[in-house]
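> based on what follows, work out the 3D shape:
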Amino acid sequence: MLWLKALHLMFMVAWFAGLFYLPRLFVYHTRLESGSNASEMFKEMERKLMRVIINPSMIAAWVFGIALSI
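Coordinates of the predicted model:
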């Protein structure tokens, strides 16, 4: 039971850390000229943040949270 709580908490922290970092990337991205190399780099960073950190952490936090409630 304690492992489920620990995993839920770790994935929730990772999920929210990604959510707090994403707007910063958006701000940096909007300050750049459209189509530039740096703009494309920020687009890729935003995609990777969503695919690699935010979405898997969200799913894991939900799964472990539901497992705790059963």
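> packing partners for the helix or strand containing P56?
Using DSSP states H and E, P56 falls within helix 55-69. For helix 55-69, the packing partners by 3 or more CB pairs under 8 Å, 6 or more residues apart in numbering; DSSP states H and E come out as helix 2-30. For every residue, glycine as well, the C-beta is placed using N, CA and C.
> elements contacting the helix it packs on?
On a contact count with 3+ CB pairs under 8 Å, 6+ apart, helix 2-30 meets helix 37-48, helix 55-69.
> export those helices to JSON lines and tack on mean neighbour count?
Putting these into JSON lines (neighbours: other CB atoms under 10 Å) gives the following:
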{"stretch": "helix 37-48", "mean neighbour count": "13"}
{"stretch": "helix 55-69", "mean neighbour count": "15"}
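> what's the closest of the ones you listed to R24?
Smallest distance to R24 across these (CB to CB): 10.3 Å, for helix 37-48.
> elements contacting the closest one?
Judged by 3+ CB pairs under 8 Å, 6+ apart, helix 37-48 is in contact with helix 2-30.
> for the helix it packs on, which residues meet the burial criterion?
By neighbour count on 16 or more other CB atoms under 10 Å, the buried set for helix 2-30 is 7-8, 11-12, 14-15, 18, 22, 29.
> distance from it to the middle of the chain?
In terms of CA atoms, centre = their mean, to the nearest Å, the centre of helix 2-30 is found 5 Å from the chain centre.
> and the pLDDT for the residue nearest the centre of the chain?
Of all residues in the chain, the one closest to the mean position by CA atoms, centre = their mean is I54, 2.3 Å from it. I54 carries a pLDDT score of 98 in this model.
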